[in-house]
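In: Structure of the sequence below:
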Amino acid sequence: MPPGASLRRRILLPVAGLLLVAGVASAAVAFYLAKGEANELLDYQLQQLTRVVATEGVAVPSPVLPPNARDTDVEDNFMVFVWDENGRLLHRTRAAPAIERPSLGFTTVAAGGKRWRVFSEKVGPRQFGVAQRMDLRTELAGAGALQALLPVLALVPLIGLTIGWIVLRSLRPLRVLSADVRQRAATDLRPLPEHDLPDEVRPLVHAMNGLLTRLDAAMTRQKRFVADAAHELRTPLAALQIQAEMLEGAADDGERRQRTRALRTGIARLSGLVSQLLTMARLDAAPASEPVELDLLEMVKEIVAELYPFAESRSINLGLAESESIAIRGHPAGLRALFGNLIDNALRYTPEGGRVDVSVKRLAGGAAVAVADSGPGIPEAELPQVFDRFYRVAGGEASGHGLGLAIARAAAEQDRARIVLENRTDGSGLRASVIFAL
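Out: Predicted structure coming up:
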């Protein structure tokens, strides 16, 4: 069957084939049984006629023939023979061939170019027999068997039509569902109706509804992300335009250098925002590569080394606490974005002269990378909201775009990790822990 065959064809063709085979087999069995019964009836007639001839004389009485028997004389169907004790033929029906005395009971002999079914019985010194041509017997038996076979042959197509109707009726909910999906707009992500569906199809539709729900949520997030990004870009772009205009109107070289530095700072800030937006967009998409085995400690060391100059410029003590090497499977680009944003956030919110400690530890059934800072922490009421895109803690002094923790969470979800934020119990800052299940 072709791979793209419809479900209706996949059901009807095998059922039709099976029904055809069953019909042929049942027809053959019915024909065989009916023919056997017809032959038994004809043998019984031969036996009864022979006994009548032996007791009443050689005149052949009218036998009970099947209703489809040929319109001929009885003698054309049944032939009477009489033999003496020496096997000499004493009497035979006119037009009957000479048949040598057969064995008693039922025998099949050849005479006159025909095959004959004979039943003979001995009464006194004489042996009486009645014979019937085999071709006539076959014709009569076949006609009787065909009459028994006709109901079976008529029933096969009726059953086929009934099965086809049942299959079409059973598939009607799928046709209705298909028409519903075909008529929907591309933005219509409402769940598909699950009522009246077969039990075998309902799990598939339920899974599709789950996919539609997730897709709708992703599109909603994407729309909100685009709207927030446009809003966030508007302010720095307007500031750059103002700074460019002020640079054109600078009165002397000193003012021009000051305006140029401000313009460069604005461009750098805008470049950082665009870079974070691109990272966020990449993480929202499906991973482009398969996870690979990597060492958490080695990756964290590399990121700490990259951010060390920034920490040094703010006189922050950045270092690795007691750690151990742990191998996991993950996406290197996403994990670098995850750890990089957590450590960068800690450095930005830690005041000058503070401390940021990074550790890699093995847990029962997992591993954890913790980033602890000595900053102001986050108000407990705002902890659930800081992962939202473009969210900034009220009153925060650090410069940022509100995307760092959102990027970190998206990267963590990509590798089935979770981030736990908690204020340190001694009130000296925040601890961000990334927990992996091994």
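In: All the helices of the stretch 51-200 of the chain, residue numbers only.
Out: Along the stretch 51-200 of the chain, the stretches classed as helices by DSSP state H, counting those that start in this stretch are 74-77, 134-183.
In: OK, contacts around residue 193?
Out: Remark: with contacts taken as C-beta atoms under 8 Å, 6 or more residues apart in numbering, residue 193 is in contact with 177, 180. Every C-beta, even on glycine, is put in place using the N, C-alpha and C of the backbone.
In: repeat for residue 341
Out: Shown in contact with residue 341 (C-beta under 8 Å, 6+ apart): 404-405, 407-408, 411.
In: Just give me the neighbour total for the nearest residue to residue 173 once chain neighbours are set aside.
Out: Nearest non-adjacent residue to residue 173, counting by C-beta to C-beta, 6 or more residues apart in numbering: residue 196, 4.7 Å away. Residue 196 has 10 neighbouring residues, counting by other C-beta atoms under 10 Å.
In: Please apply the same query to residue 227.
Out: When neighbours are counted by other C-beta under 10 Å, residue 227 registers 10.
In: Toward the C-terminus from the helix or strand harbouring it, list the very next helix or strand.
Out: Secondary structure from DSSP states H and E places residue 227 in helix 202-248. With elements assigned by DSSP H and E, the helix or strand that comes after helix 202-248 is helix 253-284.
In: related to what we said a few turns ago, looking at the contacts of residue 341, which are in helices?
Out: Among the contacts of residue 341, the residues falling in helices (DSSP state H) are 404-405, 407-408, 411.
In: okay if I get these as JSON lines plus pLDDT, neighbour count and distance to residue 324?
Out: As requested, the ones in helices among the contacts of residue 341 are exported to JSON lines (pLDDT from 0 to 100; neighbours: other C-beta atoms under 10 Å; distance: C-beta to C-beta, whole Å):
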{"residue": "404", "pLDDT": "74", "neighbour count": "23", "distance to residue 324": "27"}
{"residue": "405", "pLDDT": "80", "neighbour count": "22", "distance to residue 324": "26"}
{"residue": "407", "pLDDT": "80", "neighbour count": "23", "distance to residue 324": "27"}
{"residue": "408", "pLDDT": "83", "neighbour count": "27", "distance to residue 324": "22"}
{"residue": "411", "pLDDT": "83", "neighbour count": "28", "distance to residue 324": "22"}
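In: now, which of the residues you listed sits nearest residue 247?
Out: In terms of C-beta to C-beta, no member of those lies closer to residue 247 than residue 404, at 30.4 Å.
In: Now do the contacts for the closest one.
Out: Contacts for residue 404 (C-beta under 8 Å, 6+ apart) come out as 276, 341-342, 344-345.
In: Give the burial count for the residue lying closest to residue 428 once chain neighbours are set aside, as a bare number.
Out: In this structure, residue 428 finds its nearest non-sequential neighbour in residue 374, 5.2 Å apart by C-beta to C-beta, 6+ apart. Residue 374 has 21 neighbours, counted by other C-beta under 10 Å.
In: Use 50 as the first number for this chain going forward.
Out: With 50 as the first residue, the last one maps to residue 423.
In: Burial check on residue 211, number of neighbours?
Out: So residue 211, with other C-beta under 10 Å, has 10 neighbours.
In: wait, I meant residue 159
Out: By the criterion of other C-beta under 10 Å, residue 159 has 11 neighbours.
In: Test my guess that it contacts residue 167.
Out: No. Look at residue 159 against residue 167 with C-beta atoms under 8 Å: they stay out of range, at 10.9 Å.
In: looking at the helices of the stretch 100-249 of the chain, which is buried most?
Out: Among those, helix 123-126 has the highest mean neighbour count (mean count of other C-beta atoms under 10 Å), at a mean of 16.
In: Residue 165: what's it in contact with?
Out: 128, 148, 157-159, 180-183.
In: Can you give me the distance of residue 468 to residue 435?
Out: Using C-beta to C-beta, to the nearest Å, residue 468 is found at 10 Å from residue 435.
In: Hmm, I typed the wrong one, I wanted residue 178.
Out: Relative to residue 435, residue 178 is positioned 113 Å away (C-beta to C-beta).
In: Of the two, which one has the most company?
Out: Per other C-beta under 10 Å, whichever of residue 178 and residue 435 has more neighbours is residue 178, with 27 against 19.
In: For that one, report the pLDDT, please.
Out: In this model, residue 178 is scored at 89, pLDDT.
In: Mind listing the residues bridging to the residue nearest to it when sequence neighbours are not counted?
Out: Of all residues not flanking residue 178 in the chain, residue 169 sits nearest, at 3.5 Å (C-beta to C-beta, 6+ apart). Note on residue 169: beta-bridge partners by DSSP bridges are residue 154, residue 178.
In: what about the helices in the stretch 350-487 of the chain?
Out: 381-398, 453-463.
In: Just the buried residues of the longest one, please?
Out: It refers to helix 381-398. Using 16 or more other C-beta atoms under 10 Å as the burial criterion, the residues of helix 381-398 that qualify are 382-398.
In: and for residue 468 and residue 435, which residues touch both?
Out: residue 454.
In: Can you tell me the closest non-neighbouring residue to residue 129?
Out: Spatial nearest neighbour of residue 129, chain neighbours left out: residue 142 (5.0 Å); criterion: C-beta to C-beta, 6+ apart.
In: for stretch 388-397, what is the average pLDDT?
Out: On average, stretch 388-397 scores 89.
In: Please write out the alpha-carbon positions of it in CSV.
Out: The C-alpha coordinates for stretch 388-397 follow below in CSV (Å, rounded to 0.1, in the frame of the first residue of the first chain):
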residue,chain,number,x,y,z
PHE,A,388,26.8,31.5,33.5
GLY,A,389,28.0,34.7,31.9
ASN,A,390,24.8,36.6,32.6
LEU,A,391,24.6,35.4,36.2
ILE,A,392,28.2,36.4,37.0
ASP,A,393,27.9,39.7,35.0
ASN,A,394,24.7,40.6,37.0
ALA,A,395,26.5,39.8,40.3
LEU,A,396,29.4,42.1,39.3
ARG,A,397,27.1,44.9,38.3
